[in-house]
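Q: structure, please.
(2 chains, ligands or ions: 1)
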Amino acid sequence: MIVTVKLFAHFRNGRFKEAEKAFPDGVDCLHVIQSLEFTARDMGIVMVNGLHAALDRPLEDRDILALFPLVGGG
Amino acid sequence: MDRILRVNLTDLTTRIEETPGEWAGLGGRALTSTIVAREVPPACHPLGPNNKLVFAPGLLSGTSASNSGRLSCGAKSPLTGGIKESNVGGTAAQMFARLGIKALIVEGMPKGAAWYGLRVTRDGVAIQEERELVGKNNFAVLEAIEGRLGKKAGVLSIGTAGEMRVTAANISVRDPSGKLRSHGRGGLGAVMGSKRVKFITIEDEGAPGIQLADPDKFKAASRVFTKALMDHPVSGTGLPTYGTNVLVNILHEAGGLPTRNFTSGRFDGHESICGETMHETIVARGGKPRHGCHAGCVIQCSQVYNDKDGNYLTSGFEYETIWGLGANCTITDLDDIATADSIMDDLGIDSIETAVAFGVAMEAGILPWGDGKEMLRILREEVGQGTALGRVIASGAGAVGRTYGITRVPVVKNQGIPAYDPRSVKGIGITYATTPMGADHTAGYTIATNILNVGGQVDPLKKDGQVELSRNLQIATAAIDSTGMCIFVAFPALDIPECLPAMIDMINARYGAELTGDDVVALGRTVLKTERGFNMAAGMTSVHDRLPEFFRTDPVAPHDAVWDFTDEEVDAFWNF
Ligand code: SF4
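A: Purely as a prediction, here's the structure:
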């Protein structure tokens, strides 16, 4: 299946902003995160299709996964 | 014992007063709101002689505590008709504190047409007639005062917008780099203009300085506090690197980035205005990605943004301004937005209120969507020259909506709603609706918990837990705003257990007090109740604690969210 992965803030450094990636059916967010050489601890906000998601959430074909480090503003 | 300085413009007299016992434990917002509630008749005209403009440094301002140099300014707001406290960095708070000034109260109104400058020194405050700088904007005022009094003098000033008494007028405060920061919201610049005070200068030569009751305890607590600020990923790394503008992409992704006057929660042009792009641009042009708005800020969320040729363009360039002219007006040229930021600083108008007003103006067809150049022309030639159109825009979003018959007007208590859509981030909607300040994200920043996963997690799209979240944050914020601390200390305070106790220890060590966490919560509650009491006496009711109707009727993409709280659910906020 194809998942669009979007990276933000310093996650982009040496990686990419947005990429379509192929994964085996039914992998969860953590699988994708680890495939990019991040750890669960690096994650601030994880969103799937604009909704906050748990790391063990299974992904579906054409999902959009957005990964943010812990950042903020106001 | 710190003193109160009182300036009366009606009879042009000044007084130094002892601090009344019941004000001794107050600072910042707690003190300005207490004084306004005590001394300003709630039904008075905000631009008349009975309103008062009150400045107060926070309880910890002037000490070496990190991020403690914020100044509160309070009055009855000409924008909302209710009480207002607006909070700013710059050098003034620390200078007031070192001079032993608990508060400066500016009252009355001159009878003639003359303008005045106020000069605060260790001897008190003097009123001097001012001719040269009347009709000038903020940058010229700062430069002229630097010429007269030197680089170290603190300055509070109004631009021509404040002189015109338009309700988006703000009060500018000199920062350590000689640039300015703003008491932005609520039209406080119009109140200063109504009193015909063009500027206030502060010189702290010979100031008595701060006496700590227990210096060792203070030092130990200060160390713990600073470490918490540096250790937390938001205050230690995120804010210094990307500034507040990192939020563009986060809110876009979450569907809470108000776009095209609040008709969508996502903006196609988000990458051209986001914090990541801004960071690259700043670095490529030799600007500074991190910069503090006052000495002693260890977070440094501010920045210096240069133009294409590497020359200084603006600083203190915040997410809310970039969102407001960017997504909300669909302008994608960050340089146009930065230029507007600089013009708004110079004229002395609130960059949030003005940006929200432009969104309504675009909906009204006054200028095309996304037309950054026309927006700049209007700022320079209409607002800057005080034409009828310029005054309408500089009177805020509500004024533009009323003048042009628009119904989609994002305001609460007539103050423009900032950069988070309340339909898709529901906690912030409770804050907008209930805070006595009018729509104000900083009053109870639920974005932390709704979106950023700081202080736990409350689902932004559900109603559950939002009223409690907003209430707890508004109480905590009212207390923090009284300490002189920047509100961004709330990020570590929500997650790191040692942070808040260390802050309370510093207050105790400064004053020889024995406050507990419960006392600080009680202070926050009292401040909110005092402010609400003023608003009620000024004629507001729970009907003013409501979001505009369109949030109920118009679903917002991508989640098709609507504002679905009942009036009773919103009113339950005040059950404390
Ligand atoms: S973190 Fe930002 S707003 Fe807060 S004191 Fe520092 S520069 Fe000012």
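
Q: which helix or strand contains B:A126?
A: Here B:A126, judged by DSSP states H and E, is contained in strand B:124-130.

Q: now B:D571
A: Applying DSSP H and E, one finds B:D571 within helix B:567-571.

Q: re earlier: could I have the very next helix or strand once past the strand holding B:A126 exported to CSV, CA atoms only?
A: Using DSSP H and E, the helix or strand that directly follows strand B:124-130 along the chain is helix B:138-149. This file holds the C-alpha atoms of helix B:138-149, laid out as CSV (Å, rounded to 0.1, in the frame of the first residue of the first chain):
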residue,chain,number,x,y,z
ASN,B,138,6.8,54.9,16.4
PHE,B,139,10.2,54.5,14.8
ALA,B,140,10.7,58.2,14.6
VAL,B,141,9.7,58.6,18.2
LEU,B,142,12.1,55.9,19.3
GLU,B,143,14.9,57.5,17.3
ALA,B,144,14.2,61.0,18.6
ILE,B,145,14.1,59.8,22.2
GLU,B,146,17.3,57.9,21.8
GLY,B,147,18.8,61.2,20.6
ARG,B,148,17.5,63.1,23.7
LEU,B,149,18.0,60.5,26.5
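
Q: quick one: helix B:138-149 to chain centroid distance?
A: Between the mean C-alpha location of helix B:138-149 and the chain-wide mean there is a distance of 23 Å, by Cα atoms, centre = their mean, to the nearest Å.

Q: from the contact counts, what lies against it?
A: Secondary-structure packing of helix B:138-149 (3 or more Cβ pairs under 8 Å, 6 or more residues apart in numbering or on different chains; DSSP states H and E): strand B:154-157, strand B:171-174, strand B:180-183, strand B:197-202, helix B:334-347. (Each C-beta comes from the backbone N, C-alpha and C, glycine too.)

Q: which stretch among those is buried most, on average?
A: strand B:171-174 (a mean of 30; mean count of other Cβ atoms under 10 Å in any protein chain shown).

Q: which residues does that one contact?
A: B:71, B:73, B:86, B:88-92, B:138, B:142, B:153-159, B:162, B:180-183, B:188-189, B:192, B:345, B:348 (Cβ atoms under 8 Å, 6 or more residues apart in numbering or on different chains).

Q: going by neighbour count, which residues of stretch B:540-553 are buried?
A: Residues of stretch B:540-553 classed as buried by neighbour count (16 or more other Cβ atoms under 10 Å in any protein chain shown): B:540, B:544-548, B:550-551.

Q: tell me the mean pLDDT over that stretch?
A: For stretch B:540-553, mean pLDDT rounds to 98.

Q: for stretch B:225-239, same thing?
A: The model assigns stretch B:225-239 a mean pLDDT of 92.

Q: equivalent analysis for stretch B:513-528, please.
A: 96.

Q: B:G484 contacts B:A93, doesn't it?
A: Yes: using Cβ atoms under 8 Å, B:G484 makes contact with B:A93 at a distance of 5.9 Å.

Q: just the helices from chain A, written as ranges.
A: A:29-35 (DSSP state H).

Q: nearest residue to whichever residue of the stretch 51-200 of chain B sits closest to the ligand in space, please, no chain neighbours.
A: Closest residue of the stretch 51-200 of chain B to the ligand, Cβ to the nearest ligand atom: B:G89 (4.3 Å). Closest residue to B:G89 apart from its sequence neighbours, by Cβ to Cβ, 6 or more residues apart in numbering or on different chains: B:C293 at 3.0 Å.

Q: what pLDDT does the model give that neighbour?
A: Listed pLDDT for B:C293 reads 92.

Q: show me the shaky parts of chain A.
A: Filtered on pLDDT under 70, chain A yields the residue ranges A:74.

Q: how about the stretch 201-350 of chain B?
A: Using pLDDT under 70, the stretch 201-350 of chain B has no residue that qualifies.

Q: what parts of it come near chain A?
A: Residues of the stretch 201-350 of chain B that fall close to chain A, judged by Cβ under 8 Å from any Cβ of the partner chain: B:233-234, B:237-239, B:241-247, B:249-250, B:253-255, B:271, B:275-276, B:301, B:319.

Q: re the thing from before, so the residue of the stretch 51-200 of chain B closest to the ligand sits against B:R181, correct?
A: Yes: in terms of Cβ under 8 Å, B:G89 counts as a neighbour of B:R181; the distance is 4.9 Å.

Q: who in chain B is up against chain A?
A: Near chain A, when you scan chain B using Cβ under 8 Å from any Cβ, you find B:233-234, B:237-239, B:241-247, B:249-250, B:253-255, B:271, B:275-276, B:301, B:319, B:441-442, B:445, B:447-448, B:451-454, B:457, B:459-461, B:487-488, B:491, B:558-559.

Q: circling back to that earlier point, dump the residue contacts of the residue of the stretch 51-200 of chain B closest to the ligand.
A: B:G89 makes contacts with B:69-71, B:173, B:175, B:181, B:292-294, B:297, B:486, as judged by Cβ under 8 Å, 6+ apart.

Q: burial count for B:G310?
A: Residues within reach of B:G310, counting by other Cβ atoms under 10 Å in any protein chain shown, total 11.

Q: OK, contacts around A:V46?
A: Contacts of A:V46 by Cβ under 8 Å, 6+ apart are A:29, A:33, A:52-55, A:65-68.

Q: any chance of the residues you listed in JSON lines with neighbour count as columns?
A: As requested, these are exported to JSON lines (neighbours: other Cβ atoms under 10 Å in any protein chain shown):
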{"residue": "A:C29", "neighbour count": "23"}
{"residue": "A:I33", "neighbour count": "19"}
{"residue": "A:H52", "neighbour count": "18"}
{"residue": "A:A53", "neighbour count": "19"}
{"residue": "A:A54", "neighbour count": "11"}
{"residue": "A:L55", "neighbour count": "14"}
{"residue": "A:L65", "neighbour count": "21"}
{"residue": "A:A66", "neighbour count": "25"}
{"residue": "A:L67", "neighbour count": "23"}
{"residue": "A:F68", "neighbour count": "26"}
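
Q: now the residues you listed as TSV including distance to B:I352?
A: Listed next are the contacts of A:V46 as TSV, based on distance: Cβ to Cβ, whole Å:
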residue	distance to B:I352
A:C29	35
A:I33	36
A:H52	26
A:A53	31
A:A54	34
A:L55	36
A:L65	32
A:A66	26
A:L67	29
A:F68	24
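
Q: please consider this matter closed, and thank you.
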